[in-house]
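> Fold the following.
(3 chains)
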Amino acid sequence: MNNTGNKRAPSMWAMASGVALCGLSIFALPGDAAAQALKPASSPSFSSKEMQMVAPALESYTQVLLLGDVWVRPDLSPRDRSIVTLAVLIARNQPLELPFYLNRALDNGVTPGEISEIITHLAFYSGWPNAMAAVSATRPVFAKRKITSKQLPSAKVQLLPLDKEADDKRAKSVDENFGKVAPGVVQYTTDALFRDLWLRPGLAPRDRSMVTVSALVASGQVAQITYHLNRAMDSGLTEKQASEMLTQLAFYAGWPNVFSAMPVFKDIFAKRTVGATGM
Amino acid sequence: MNNTGNKRAPSMWAMASGVALCGLSIFALPGDAAAQALKPASSPSFSSKEMQMVAPALESYTQVLLLGDVWVRPDLSPRDRSIVTLAVLIARNQPLELPFYLNRALDNGVTPGEISEIITHLAFYSGWPNAMAAVSATRPVFAKRKITSKQLPSAKVQLLPLDKEADDKRAKSVDENFGKVAPGVVQYTTDALFRDLWLRPGLAPRDRSMVTVSALVASGQVAQITYHLNRAMDSGLTEKQASEMLTQLAFYAGWPNVFSAMPVFKDIFAKRTVGATGM
Amino acid sequence: MNNTGNKRAPSMWAMASGVALCGLSIFALPGDAAAQALKPASSPSFSSKEMQMVAPALESYTQVLLLGDVWVRPDLSPRDRSIVTLAVLIARNQPLELPFYLNRALDNGVTPGEISEIITHLAFYSGWPNAMAAVSATRPVFAKRKITSKQLPSAKVQLLPLDKEADDKRAKSVDENFGKVAPGVVQYTTDALFRDLWLRPGLAPRDRSMVTVSALVASGQVAQITYHLNRAMDSGLTEKQASEMLTQLAFYAGWPNVFSAMPVFKDIFAKRTVGATGM
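Model (predicted):
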């Protein structure tokens, strides 16, 4: 995992942008040079020069703000930001950007096996065609890095132990609600999802939940966030990490999806704090 | 229509997955061999071998669970599953997967004319660009099968009779609600949609509604489901078929969209049952 | 700006379709010939002949109804319709259709600089990957028209004056609501969005709001429409223009998204009318 960037102060861009009130865009400021030093070798999909031929401001925002500032904020590691970003791209079916972010993920410490499991997980949570497009985009990246199927979790694996009591409760609740409406969905939710997919050890439960929550926010599926964000935090995702997921998601899934998700996050944070203090 | 698969017991995968509780993934089980026999000649978009190079578990889920189990469940024919799946792919603008599923649809008894009408229908319900992308993906499939425009409904056709009383009621309600807010939308809703598109005979009203409901669920547009699912069931879609649409949709549009739709389906099933028994 | 089409009566298609009640599709009617005269040189993405090989009815709807009737309705200029359409295509990540509509936009009077700003704006409102795909699709269109970066707003520009009192109020409200939940999002919302992006002079505030509202409707993000439609109308968008945006959006983002948005538009229109009359 590459945490180098995490150690810098988060205020560079904030300082720079504070001056925007004087009526001059941020990009004339010395912060620019600092960001330049942090910027990666290449921009998403194509060179900065190409981007400047269509949208010079977007090129600057990409280098200074997104890659130079957002990605190196503390509270969420570059590795976790990569997982969130991959989840967004797969959930929103944007395979063109995947190669750049897959390479970035591998550089940031996400393993090939974890990538394989993220794609498989999102087949269920974002739909099969999204996963198929992701496989297509990932194959040449793996091939170029000489990653073979031996480095990937096989189809048949020893599953993590099931918390049977908790899952029986979940299954009972879903069955009472929807057992007669959609028996097929209810059956696969238990058999294929919670007693198979979620127990695959190639992706830690906390990361699996982070992928799920990212996909939900990125798709505007607010109603499902409560269950999965609680599950994520039960599995070790901290409040600060969840909060920083929202920052990352704002840039990759757009501001409106994040503004729709924030009230749900707020509510969960509040309820868990009350619970933690025994109130 | 190919109903062969419908005659098998639906329990193979359920039995297999039951053993997952013992801590071993399902894919070591004899069910695997059974599924192998059912699996189609090729996987979506690329060979199984290629999929295994990125996500071996996904390849297994695809063969054993999705193609080997879900597609052959009773209560919804392979032909209807194909229509639901095409609607999802067009509604979510995933043309890369279309060629595989178009061929599958034609093999399952969906006619070229019905495919032509599904695309045209979704221009209105999913947006023009989605339909354009679908045309692009369909053309080579039709060409390879030597399907010509003579086999397709022409632009000018004898329309089905209009139930004027029912549609006057619908039009009046929409006009009262939105006639001043969006007169253009209200005008085209009546003139272009309900008194033209919906009356085209190349796609049965029940199938047209099935396409519409599939697109709504696949796009998370929960608010519009009530009207269109009721219309679908008025046109002959059974409760069991609607329920199995949800199973198919879970895999192709992702679990969260289906979990958002299930309460609406539940409500409609309940109200229609009450209505049917005179309560 | 090309307003030629605006001067015709809007009733051609309405008249034509009225006869559909007699049981014959609209395309046999004399209106057809009139529409023929109005139709552009080419259809989206491919020739009419190619479209007829898959969906003859869709080809007719495209020529007669969409390009021949909707695009030339009064109350919203072809230039504004182009901006709405580009916003939909970028927000829904449909770059394949962009070249056709970019050329149409440039023909209708949208400047290269405005296109550059629309893409940059939607990086924030629809997500970075959508903007990247738009850059990719736009570059060859600009190159073919010999549009160079000299015609585009540079990254560093003199910003429009900030209405500090109004924005302090906005910032305070967001901070009170979400300052502790997502400090990163709140910070960038003020520093990068409302005190930088929104003040860039290359796209008029009214047009920037039109882009934002179009993206929100096209993505089904109903909850965010109220703030941005009010902002659009405060910046000069008229009620008639907002209403006609809905007609354009119905065709490009699909009927269901528009039916979900109409109640919000209705509510805002009503409240602003009350406000205007002092009630």
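> Quick one: list the elements packing against whichever strand or helix holds residue A:264.
Assessed by DSSP states H and E, residue A:264 sits inside helix A:255-276. The contact analysis (3 or more CB pairs under 8 Å, 6 or more residues apart in numbering or on different chains; DSSP states H and E) places helix A:255-276 against helix A:205-218, helix A:225-234, helix A:239-253, helix C:112-126, helix C:164-178, helix C:183-188. Backbone N, C-alpha and C define where each C-beta goes, glycine included.
> in the second one, what counts as buried?
Taking 16 or more other CB atoms under 10 Å in any protein chain shown as the basis for neighbour counts, the residues of helix A:225-234 that come out buried are A:225, A:227, A:228, A:229, A:230, A:231, A:232, A:233.
> Just to check, the third one is in contact with residue A:211?
No - counting by CB atoms under 8 Å, residue A:228 sits too far from residue A:211 to count as a contact (9.6 Å).
> Give the residues shared as contacts by those two.
Common contact partners of residue A:228 and residue A:211 (CB atoms under 8 Å, 6 or more residues apart in numbering or on different chains): none.
> Quick one: name the residues of the stretch 151-279 of chain A near chain B.
Contacts of the stretch 151-279 of chain A with chain B, taken as CB under 8 Å from any CB of the partner chain, map to A:152-159, A:161-162, A:164, A:177-178, A:180-185, A:187-189, A:191-193, A:195-196, A:199-200, A:202, A:215-216, A:219-221, A:223-224.
> Wait, a helix at residue A:105?
Yes - Residue A:105 sits within a helix when classified using DSSP: H, G, I helix; E, B strand; the rest coil.
> For it, give its distance to residue A:214.
Look at residue A:105 and residue A:214: by CB to CB, to the nearest Å, they are 13 Å apart.
> Next: residue A:50.
In terms of CB to CB, residue A:50 sits 28 Å off from residue A:214.
> Give me the common contacts of residue A:105 and residue A:214.
Listed contacts common to residue A:105 and residue A:214 are residue A:83; contacts here mean CB under 8 Å, 6+ apart.
> So the two - more neighbours on which side?
Taking other CB atoms under 10 Å in any protein chain shown, residue A:105 and residue A:214 do not tie; residue A:214 has more neighbours (30 against 24).
> Look up the closest residue to the more buried one, ignoring the ones flanking it.
residue A:87 (3.7 Å; CB to CB, 6 or more residues apart in numbering or on different chains).
> so what's that neighbour up against?
A:118, A:122, A:210, A:211, A:212, A:214, A:215, A:218 are the contacts of residue A:87 under CB under 8 Å, 6+ apart.
> how does it look with 7 Å?
By CB atoms under 7 Å, 6 or more residues apart in numbering or on different chains, the contact set of residue A:87 is A:118, A:122, A:211, A:214, A:215, A:218.
> Quick check: pLDDT value at residue A:33.
For residue A:33, the model assigns a pLDDT of 34.
> Now for chain A, the helix or strand with the poorest mean pLDDT.
Of all the helices and strands that make up chain A, helix A:31-38 has the lowest average by mean pLDDT, DSSP states H and E, namely a mean of 34.
> Run the angle between the helix holding residue A:264 and helix C:225-234 for me.
Interaxial angle, helix A:255-276 versus helix C:225-234 (axes from the mean of the first three to the mean of the last three CA atoms, to 10 degrees): 140 degrees.
> Only the buried residues of helix A:255-276, if you could.
A:255, A:256, A:257, A:258, A:259, A:260, A:261, A:262, A:264, A:265, A:268, A:269.
> which one of these is nearest residue A:72?
Closest to residue A:72 out of the buried residues of helix A:255-276 is residue A:258 (19.4 Å), distances taken as CB to CB.
> For the closest one, give me its contacts.
A:217, A:246, A:249, A:250, C:185.
> For the closest residue to chain C within the stretch 151-279 of chain A, the count of nearby residues, please.
Scanning the stretch 151-279 of chain A for the residue nearest chain C gives residue A:247, at 3.2 Å (criterion: CB to the nearest CB). Close neighbours of residue A:247, defined as other CB under 10 Å, add up to 22.
> That one against residue C:186, yeah?
No - with contact defined as CB atoms under 7 Å, residue A:247 does not count as touching residue C:186 (9.4 Å).
> Nearest the middle, which residue of chain A would you pick?
Centrality entry for chain A: nearest residue to the mean C-alpha point is residue A:84, 1.1 Å, by CA atoms, centre = their mean.
> Could you pull up the residues touching that one?
Residue A:84 neighbours (CB under 7 Å, 6+ apart): A:210, A:214, A:245, A:248, A:249.
> and with 6 Å instead?
By CB atoms under 6 Å, 6 or more residues apart in numbering or on different chains, the contact set of residue A:84 is A:214, A:245, A:248.
> Confirm that it sits in a helix.
Yes - if the criterion is three-state DSSP, then residue A:84 is within a helix.
> Quick check, pLDDT for it.
98.
> if I look at it, how far off is residue C:68?
As judged by CB to CB, residue A:84 and residue C:68 stand 45 Å apart.
> Distance check, residue A:48 against residue A:64.
Between residue A:48 and residue A:64 the computed distance is 11 Å (CB to CB).
> So between those two, which is more surrounded?
Ranked by neighbour count (other CB under 10 Å), residue A:48 and residue A:64 place residue A:64 first, with 25 against 14.
> correct me, but residue A:93 touches residue A:129?
No - look at residue A:93 against residue A:129 with CB atoms under 6 Å: they stay out of range, at 7.3 Å.
> re earlier: which element is the residue nearest to residue A:214 on?
helix A:78-91.
> Distance from the chain centre to that helix, please.
Here helix A:78-91 is found 3 Å from its chain centre; the criterion is CA atoms, centre = their mean, to the nearest Å.
> export it as PDB, just CAs?
The C-alpha atoms that make up helix A:78-91 are tabulated as PDB, following Å, rounded to 0.1, in the frame of the first residue of the first chain:
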ATOM      1  CA  PRO A  78      -4.800   5.700  -1.900                       C
ATOM      2  CA  ARG A  79      -5.400   1.900  -1.900                       C
ATOM      3  CA  ASP A  80      -9.000   2.400  -0.500                       C
ATOM      4  CA  ARG A  81      -9.600   5.300  -2.900                       C
ATOM      5  CA  SER A  82      -8.600   3.000  -5.800                       C
ATOM      6  CA  ILE A  83     -11.100   0.400  -4.600                       C
ATOM      7  CA  VAL A  84     -13.900   3.100  -4.400                       C
ATOM      8  CA  THR A  85     -13.000   4.400  -7.800                       C
ATOM      9  CA  LEU A  86     -13.000   0.900  -9.500                       C
ATOM     10  CA  ALA A  87     -16.400   0.200  -7.900                       C
ATOM     11  CA  VAL A  88     -17.800   3.500  -9.300                       C
ATOM     12  CA  LEU A  89     -16.400   2.800 -12.800                       C
ATOM     13  CA  ILE A  90     -17.900  -0.800 -12.800                       C
ATOM     14  CA  ALA A  91     -21.200   0.200 -11.200                       C
END
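> how many degrees apart are it and helix A:112-126 in direction?
Angle, helix A:78-91 to helix A:112-126, by the same axes, to 10 degrees: 40 degrees.
> how about TSV for the contacts of residue A:87, with pLDDT and distance to residue A:60 added?
Putting these into TSV (pLDDT from 0 to 100; distance: CB to CB, whole Å) gives the following:
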residue	pLDDT	distance to residue A:60
A:118	98	31
A:122	98	32
A:211	98	31
A:214	98	26
A:215	98	30
A:218	98	25
